[in-house]
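Peer 1: compute the structure for the input listed below.
(chains A and B)
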Protein chains: 2
Amino acid sequence: MPQNQIQLYYKNVMAEAIGPEHGISQKQFDELAEIVTPMIPKINQEIQGAQIWPDKTKTKFGLLHADKTIAESVMELIVEFKEHCENLVILGIGGSALGNIAVQTALNPYMYNLDPAQRKGPRLFVFDNVDPMQLGSFLDWIDNRLDKTVFNVISKSGKTPETAAQFLTIRKLLLDKLGPDALKKHIVATTDPQKGTLRKIATNAGIKCLEVPDDIGGRFSVLSAVGLFSAAMCGIDIDALLAGARDMHARTSGLDFKQNPAAVNAAIQYHYYNSGKPISVMMPYSYALKDFADWYRQLWAESLGKADSLEGGKVHVGPTPVKALGATDQHSQVQLYREGPNDKVFTFLDVENFNRKIDIGPHPDSAPELDYLSGKELGELLNKEKKATEYALLKDQRPCLSVIFPEVNAYTVGQFIFLFEVTTSFAGALFNIDTYNQPAVELGKEATFALMGKTGPYKKGMTYEQFAQKIREKTKTDRHFIV
Amino acid sequence: MPQNQIQLYYKNVMAEAIGPEHGISQKQFDELAEIVTPMIPKINQEIQGAQIWPDKTKTKFGLLHADKTIAESVMELIVEFKEHCENLVILGIGGSALGNIAVQTALNPYMYNLDPAQRKGPRLFVFDNVDPMQLGSFLDWIDNRLDKTVFNVISKSGKTPETAAQFLTIRKLLLDKLGPDALKKHIVATTDPQKGTLRKIATNAGIKCLEVPDDIGGRFSVLSAVGLFSAAMCGIDIDALLAGARDMHARTSGLDFKQNPAAVNAAIQYHYYNSGKPISVMMPYSYALKDFADWYRQLWAESLGKADSLEGGKVHVGPTPVKALGATDQHSQVQLYREGPNDKVFTFLDVENFNRKIDIGPHPDSAPELDYLSGKELGELLNKEKKATEYALLKDQRPCLSVIFPEVNAYTVGQFIFLFEVTTSFAGALFNIDTYNQPAVELGKEATFALMGKTGPYKKGMTYEQFAQKIREKTKTDRHFIV
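Peer 2: Numbering: from 1, shown residues only, chains lettered A, B, ... in the order given. Now for the predicted structure:
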């Protein structure tokens, strides 16, 4: 196996670590192996784009046959845009933002946007909301910097209301301030290869495009052009990211369950969901990795929170992912995690080597009680806090997994992304649901269209106007219930 | 009632809105009123500092008899430090950071730190972790700005390992770079009025102090000097914050359950925890309010996640608070929220008036399908997305509360803080646990001491060295479980 591999450590979910009531016995583990092992070849085909499961949405996990051309097309645009780009602004939401944010937090310095000495590319801003106070503050600042700014609008269809609204706002600003040629020079559109609203607009306006291939769903798209353009613009080594993913693919396609980290990870999560622990906490002990807990939160929730079993019939399944951060949340959540209901499985992200040493200063003479810290190193403290917290959780029979990073770099981050994407595919197969669709998002989207005044037919026998009326009636404020 | 009051809207948790299986019937609501009404006078006394409940930790909710002197002492130090402060750095964790962050995000512009034109005080940085990569990046930047920087170290005892480690590191830096007088000029310590490590150090070094009064616990401390100093330094109207709290106190002390927003809020949360919905999601539809969901997460988890009933005997209670953000999380969590298990109660934070209008630009001719957005206003879109999402959730019988802000300002934020603090007190009384302690945090803290090399007696019959040995054995890596 190549050097610098991330590893999954699962002893502390086993009965021998936390006892038989909450731990997994060897017998249960072997039973999980029996269920999951036959799925491994199927998941391998699924990841390659094959249509394995009956009645399932087209597989949207196309990374493996697309990475090379994606990286090349991204690098071409980098050359074209980097020179006049001091500010890169992502307009996107959900899978078109979370991966970009997570990669940036992981692989660029904390002070990247504030300190020119610490960046190798433009400042990066990601807008994944339509809040007028937030965007307004940004527009006030960017106003006289537009000529040095590039907007990367990311939407498969271009119809997502939030991204469309941002795009129309920015489009008008660029046209008003910089004239009719501004769109070509200041916008990159990441969208469907052929069809859709954004592709159409881009073609007409001469806006350069990157592709969101058909076989990659939003929440699995960070290693496509969706995530790679902003990463490469900001100086991140995207080849190393992709190499990490490929090397993890080799590991997660192994047919031996006990050597396959995605299969083991998914099996353990599945076991706990079915054993009274429906909450899955991801808690990095690393500021750099904190936004990957947020990325995971979408991947896990949107993939596994489903009402329909593939075999038909209604179920309501789906673990609730929760993001946390060590050591910070020791002073916020650990009281609940230890003493509250034993309804959670924890996944820590550990970093062995922080690549930065900060020595804690000596204690003043007046405070000898701080002697134990004096001259120690901050990373040592953080890692020992993790060990101490895990020890405390184990004492209360709370199951703990750890993903161990030798260090945080593009190669290990690429591995991590791929590991959790494949883990999600295994989990979806175990829950027997369609991992790749998100049918429940539609109703809210259509309701937004209706309330914003869209006209014409909504569905059989109902116009958008009628639908809007229905929503207004249902959500009408009843003053009796105001306090 | 004064103008500009926030309000709790609870129709959409009632059976008439979401049906009898998941909704609260009028009869159930009346039963909750019967349970909670007799608690109201007790909670009122508790908030005033009285010792109401037997065997309960000393009440730590001392805001109401301390606010005036607190605000005055804060303003004195503002005058002294503001002039040479271009960067204010909070060193604190948990309740010594979350409130500061939330108030800043709520009441100052998004681009505050990056845009000098948008700030009325110093840049603000809050370090609530001991991550060497994060802090290292900051130290690289601050290095030649130390003479214009003030560090506000916040710790009741001064013994919290994370804050102590940060403090020792910064103390050495200031002494090395700016000489022996630097501590007086560049540090403000917020700590115990008399005793403890930080008070001792501050007294010896001539460091100016603010007080964390005895009767205010960390997670209830944002309206004390803990939160008010950074707020006032950054130009926030702390008198309006405190006025909001006082006016909410008048409302939450009302003896009529149905007119008391804290009592109603707590009763509904309690009902759902006991009805198969142990997850409590707070989802602001406002970027400004997003960090209040994080503040709430500590308040709720650390106060209510408890193992011991006040009547004796082991229980394991405590709802799991989850933070979310609208509209962003519609594309991340709403799939799970609608189709997953019906195990959550939602609290939206609505803002009626965003104080900023952003017009969405016109659609290009090639995309008439975006006509419904053209010329509309971004805040309207955000609020209609909320209504649309709530409509979709109600369709799946998911209970939804809304807290409605007329606008986000210091006065309404002060109300919100106080409302949720008192709600927490009511909830603690309903769960029959000690709202104000956090016994489960201790073991991890002691384990950290031990692993960091503290010596001497830990507890009866065991030294820290022996304890460290025990932890190392228990958490020793077993290679058999690595994959």
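
Peer 1: residue closest to the middle of chain A?
Peer 2: Nearest to the mean C-alpha position of chain A, by Cα atoms, centre = their mean, lies residue A:295 at 1.8 Å.

Peer 1: which strand or helix spans it?
Peer 2: Assigned by DSSP states H and E, residue A:295 belongs to helix A:290-304.

Peer 1: C-alpha coordinates for that helix, PDB please?
Peer 2: Once non-C-alpha atoms are left out, helix A:290-304 reads as follows in PDB (Å, rounded to 0.1, in the frame of the first residue of the first chain):
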ATOM      1  CA  LYS A 290     -14.200  20.900  10.200                       C
ATOM      2  CA  ASP A 291     -16.100  21.700   7.000                       C
ATOM      3  CA  PHE A 292     -15.700  18.100   5.800                       C
ATOM      4  CA  ALA A 293     -18.100  17.300   8.700                       C
ATOM      5  CA  ASP A 294     -20.500  19.700   7.000                       C
ATOM      6  CA  TRP A 295     -19.900  18.100   3.500                       C
ATOM      7  CA  TYR A 296     -20.500  14.700   5.100                       C
ATOM      8  CA  ARG A 297     -23.700  15.900   6.600                       C
ATOM      9  CA  GLN A 298     -25.200  16.500   3.100                       C
ATOM     10  CA  LEU A 299     -23.800  13.400   1.600                       C
ATOM     11  CA  TRP A 300     -25.200  11.200   4.400                       C
ATOM     12  CA  ALA A 301     -28.500  13.000   5.000                       C
ATOM     13  CA  GLU A 302     -29.600  13.500   1.400                       C
ATOM     14  CA  SER A 303     -28.400  10.000   0.200                       C
ATOM     15  CA  LEU A 304     -29.900   8.000   3.100                       C
END
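
Peer 1: can that helix be found next to chain B?
Peer 2: Yes. Looking at helix A:290-304 against chain B by Cβ under 8 Å from any Cβ of the partner chain, the contacts come from A:297, A:298, A:301, A:302, A:304. All C-beta atoms are positioned from the backbone trio N, CA, C, and that covers glycine.

Peer 1: most residues in a single strand of chain A, which one?
Peer 2: When secondary structure is assigned using DSSP state E, the longest strand within chain A turns out to be strand A:344-351.

Peer 1: for residue A:374, give me its contacts.
Peer 2: With contacts defined as Cβ atoms under 8 Å, 6 or more residues apart in numbering or on different chains, residue A:374 is in contact with A:360, A:361, A:362, A:363, B:168.

Peer 1: distance of the fourth one relative to chain B?
Peer 2: When you say that, I think you mean residue A:363. 6 Å (Cβ to the nearest Cβ, to the nearest Å).

Peer 1: equivalent analysis for residue A:333, please.
Peer 2: According to Cβ to the nearest Cβ, residue A:333 stands 5 Å off from chain B.

Peer 1: try residue A:229
Peer 2: Distance, residue A:229 to chain B, using Cβ to the nearest Cβ: 19 Å.

Peer 1: secondary structure element for that residue?
Peer 2: Here residue A:229 is covered by helix A:225-233, with elements defined by DSSP H and E.

Peer 1: elements contacting that helix?
Peer 2: Using 3 or more Cβ pairs under 8 Å, 6 or more residues apart in numbering or on different chains; DSSP states H and E, the elements in contact with helix A:225-233 are helix A:67-82, strand A:87-91, helix A:98-107, strand A:123-127, strand A:149-154, strand A:187-191, strand A:208-211, helix A:238-252.

Peer 1: switch to 7 Å and redo it
Peer 2: When contacts are defined as 3 or more Cβ pairs under 7 Å, 6 or more residues apart in numbering or on different chains; DSSP states H and E, helix A:225-233 packs onto helix A:67-82, strand A:87-91, helix A:98-107, strand A:149-154, strand A:187-191, strand A:208-211, helix A:238-252.

Peer 1: would you mind finding the most buried of these?
Peer 2: strand A:187-191 (a mean of 27; mean count of other Cβ atoms under 10 Å in any protein chain shown).

Peer 1: sorry, back to before: are any of the residues of helix A:290-304 next to chain B buried, and which?
Peer 2: For these, burial is judged from neighbour counts taken by 16 or more other Cβ atoms under 10 Å in any protein chain shown, and it is met by A:297, A:298, A:301, A:302, A:304.

Peer 1: picking that back up, adding mean pLDDT and distance to chain B as columns, could you present the helices and strands packed on helix A:225-233 in JSON lines?
Peer 2: Converted to JSON lines, those look like this (pLDDT from 0 to 100; distance: least, Cβ to the nearest Cβ, whole Å):
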{"stretch": "helix A:67-82", "mean pLDDT": "86", "distance to chain B": "21"}
{"stretch": "strand A:87-91", "mean pLDDT": "98", "distance to chain B": "10"}
{"stretch": "helix A:98-107", "mean pLDDT": "98", "distance to chain B": "7"}
{"stretch": "strand A:149-154", "mean pLDDT": "98", "distance to chain B": "12"}
{"stretch": "strand A:187-191", "mean pLDDT": "98", "distance to chain B": "12"}
{"stretch": "strand A:208-211", "mean pLDDT": "95", "distance to chain B": "14"}
{"stretch": "helix A:238-252", "mean pLDDT": "93", "distance to chain B": "9"}
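
Peer 1: possible to save those as a markdown table with distance to residue A:324?
Peer 2: Listed next are the helices and strands packed on helix A:225-233 as a markdown table, based on distance: least, Cβ to Cβ, whole Å:
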| stretch | distance to residue A:324 |
| --- | --- |
| helix A:67-82 | 31 |
| strand A:87-91 | 25 |
| helix A:98-107 | 15 |
| strand A:149-154 | 28 |
| strand A:187-191 | 31 |
| strand A:208-211 | 34 |
| helix A:238-252 | 24 |
